[in-house]
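Trainee: Sequence first, predicted model second:
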Amino acid sequence: EKWKSNDRQLMMEMATGTGKTRTAIGCAVELLKQGKKLCIIISTPQIMLSQQWRKDFEDLNIVVDRMVTLPGNYSSTEWKKQLELIMLDLSDDNIRSAVVFTTHTTASSKDFINRIKANKYDTPILYISDEVHAIGSVQQKNAMLNEYEYRVGLSATPERMFDESGTAEIREYFGNDSFEFTIADALHTINPVTNAPFLNQYKYCPIFVMLTEQETKQYSAYSRQIAILRQQENYDPDELQRLYDKRAKICKDAENKYAALDDLLEELDPPLIQDTILFVSDKQIRRCFDIMDEKKIRRAKITESESAERIVNEEGESERQELISQFRKHNIQVLIGMKCLDEGIDIKNARIAILMANSTNPREYVQRIGRVIRWTPGKEESLIYDFIVVPDSHSGGAYGVLEKEANRAQQIAVNAVNYEEVKQLFAEMGVLFDAN
């Protein structure tokens, strides 16, 4: 209703797992019911999400004259012919409705845009942008075309970190208005369909990991370099970012995290380890594999190496889809992922998240806990294990390490069932959570 009253342009800021896809499809159905010509373009960050959207359309029996999924590789030539044909058939009244599932990369390419702009007979277009924060980048903001009369932007976390102008452009494009449904809303609002909250209740479990003496010294050295650089009148922002990245990597790849993971996996001995997603950096994958192999834990990784397009079985599943299917069937106990599992992938049975590699970017950790707090019948309380880095106490410390980690901890713990317990734990370590 808010989308309709805002000239059918709206940002939907809804927590992961609360029905963004279904709500956007509802907008499409609202327009299809009018019986007029309509082209629906849905863009996502990766082809696997586009495939997931198409499955939702098919499962809901949404009737359109033509549906096409364009490949993630925008340099391919076949999709250009497919898009051209759809736009021509709409213009010539050969079809009345079509859905194009694509990626942000393809939707922002010149070849895609030129074919949309060639829509000479003005077929109305509904543009749905999933994980909409991504199209605020310099490379992908071209996807926001004036030719799209109707618009829906979807994201649990639309704010672009360190990019206020990109965030503002996205908000303006989608009508300068939002419908908000936060994690807190979802945990405390009963879904009338299921008679349960929209999201699964969860417990937040911080695991404190000490930096080694050498890591603490490196962290302090980078902090001094950052402070000196920032005092310069005309410092190089790229150099500053490189120093921030190097400092963050020390915490992300801290050596003592491997021993902490080993201890945690002992505690979560099978079958408790089932339905777990482990989030790591690329550097950590190999050693995490070794730890799990020693414990005979069935594991698999989903990274950029695992294809979202190459079909690998008789069911027509891609390599990534097959891995997720095996995870749902419990043939795989732990999925190990990096960026590929951060956004949108629907794995309802996932119940435990181990955040081994973290950043200070709220989008990253909000998306990651969103993978395991989706509600599904019979699912037990979700568990979030977060590796919190603390400085080595014998080497003078590294100012700000725990404070930065505590900020993330508060943001995740504030909606957890054990918030007061976590708050007290950090207070005993000398870090007070923000009362607001």
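Mentor: Sure thing, it's come through.

Trainee: and the residue nearest to residue 196 when sequence neighbours are not counted, what pLDDT?
Mentor: Closest residue in space to residue 196, ignoring its immediate chain neighbours: residue 375 at 6.1 Å, by CB to CB, 6 or more residues apart in numbering. No exception for glycine: its C-beta is placed from N, CA and C like everyone else's. Note for residue 375: predicted pLDDT of 92.

Trainee: can you check the one 5 residues further on too?
Mentor: Model confidence at residue 380, expressed as pLDDT, equals 91.

Trainee: what secondary structure does it sit in?
Mentor: Following DSSP: H, G, I helix; E, B strand; the rest coil, we place residue 380 in the coil state.

Trainee: does it really touch residue 351, like I thought?
Mentor: Yes. Using CB atoms under 8 Å, residue 380 is in contact with residue 351, at 6.4 Å.

Trainee: more crowded one of these two?
Mentor: residue 351 (23 against 10; other CB atoms under 10 Å).

Trainee: can you tell me which residues contact that one?
Mentor: 200, 275-276, 372, 379-380, 382-383 (CB atoms under 8 Å, 6 or more residues apart in numbering).

Trainee: Can you tell me, leaving aside adjacent residues, what's nearest to it?
Mentor: Residue 351 sits nearest to residue 275 (CB to CB, 6+ apart), 4.3 Å away.

Trainee: neighbours around the one you found, how many?
Mentor: Look at residue 275: counted by other CB under 10 Å, it has 24 neighbours.

Trainee: That one against residue 350, yeah?
Mentor: Yes. Counting by CB under 8 Å, residue 275 sits close enough to residue 350 to count as a contact (5.5 Å).

Trainee: joint contacts of the two?
Mentor: 327, 372.

Trainee: Can you pull out the low-pLDDT segments for this structure?
Mentor: By pLDDT under 70, the low-scoring segments of the chain are 72-76, 119-121, 162, 270, 304, 306-309, 339-344, 393-399, 436.

Trainee: for it, longest helix please?
Mentor: helix 213-231 (DSSP state H).

Trainee: Make sure residue 40 is indeed in a helix.
Mentor: No. Applying three-state DSSP, one finds residue 40 to be strand, outside a helix.

Trainee: Please list all residues in contact with it.
Mentor: Contact analysis of residue 40 by CB under 8 Å, 6+ apart lists 28, 31, 64, 97-100, 125-126, 128.

Trainee: let's see it at 7 Å
Mentor: Taking CB atoms under 7 Å, 6 or more residues apart in numbering as the criterion, residue 40 is in contact with 28, 99, 126, 128.

Trainee: quick one on the thing from earlier: quick one: the residue nearest to residue 351 and residue 316, what's the gap?
Mentor: For residue 275, the distance to residue 316 under the criterion CB to CB, to the nearest Å works out to 25 Å.

Trainee: Tell me which stretches of the stretch 301-436 of the chain form helices.
Mentor: Secondary structure of the stretch 301-436 of the chain, counting by DSSP state H, counting those that start in this stretch: helices at 319-328, 362-370, 401-413, 419-428.

Trainee: Export the ones you listed as JSON lines, with columns for distance to residue 23 and mean neighbour count.
Mentor: Below are the helices of the stretch 301-436 of the chain laid out as JSON lines (distance: least, CB to CB, whole Å; neighbours: other CB atoms under 10 Å):
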{"stretch": "helix 319-328", "distance to residue 23": "23", "mean neighbour count": "19"}
{"stretch": "helix 362-370", "distance to residue 23": "16", "mean neighbour count": "21"}
{"stretch": "helix 401-413", "distance to residue 23": "25", "mean neighbour count": "20"}
{"stretch": "helix 419-428", "distance to residue 23": "28", "mean neighbour count": "14"}
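
Trainee: Just send those helices back as a markdown table, with distance to residue 224 too.
Mentor: As requested, the helices of the stretch 301-436 of the chain are exported to a markdown table (distance: least, CB to CB, whole Å):
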| stretch | distance to residue 224 |
| --- | --- |
| helix 319-328 | 43 |
| helix 362-370 | 27 |
| helix 401-413 | 14 |
| helix 419-428 | 26 |
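
Trainee: what's the closest of these to residue 175?
Mentor: For the helices of the stretch 301-436 of the chain, proximity to residue 175 was assessed by CB to CB; helix 362-370 is nearest, at 21.7 Å.

Trainee: ok so, going back, what residues are up against the residue nearest to residue 351?
Mentor: By CB under 7 Å, 6+ apart, residue 275 lies in contact with 349-352.

Trainee: now, which of the residues you listed sits nearest residue 50?
Mentor: residue 350 (20.8 Å).

Trainee: Without its sequence neighbours, what residue ends up closest to the closest one?
Mentor: Counting by CB to CB, 6+ apart, the residue nearest residue 350 is residue 372, at 4.6 Å.

Trainee: follow-up on the earlier one: next, format the contacts of residue 275 as JSON lines and append distance to residue 8.
Mentor: Listed next are those as JSON lines, based on distance: CB to CB, whole Å:
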{"residue": "349", "distance to residue 8": "36"}
{"residue": "350", "distance to residue 8": "34"}
{"residue": "351", "distance to residue 8": "37"}
{"residue": "352", "distance to residue 8": "40"}
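
Trainee: okay, now residue 226: neighbour count?
Mentor: Here the count is done by other CB under 10 Å, and residue 226 has 17 residues near it.

Trainee: The spatially closest residue to it that is not a sequence neighbour and residue 283, how far apart?
Mentor: Counting by CB to CB, 6+ apart, residue 226 lies nearest to residue 243, which is 5.0 Å off, once chain neighbours are set aside. From residue 243 across to residue 283, the span is 19 Å (CB to CB).

Trainee: Counting neighbours, go ahead and name the busier of the two.
Mentor: residue 243 (19 against 11).

Trainee: Residue 267: neighbour count?
Mentor: Residue 267, neighbours per other CB under 10 Å, totals 9.

Trainee: just to revisit the earlier point, is it true that the residue nearest to residue 226 touches residue 222?
Mentor: Yes. Residue 243 lies in contact with residue 222 (CB atoms under 7 Å); the separation is 5.6 Å.

Trainee: Please enumerate the strands of the stretch 201-350 of the chain.
Mentor: Counting by DSSP state E, counting those that start in this stretch, the segments of the stretch 201-350 of the chain that form strands are 202-210, 276-279, 299-302, 334-337.
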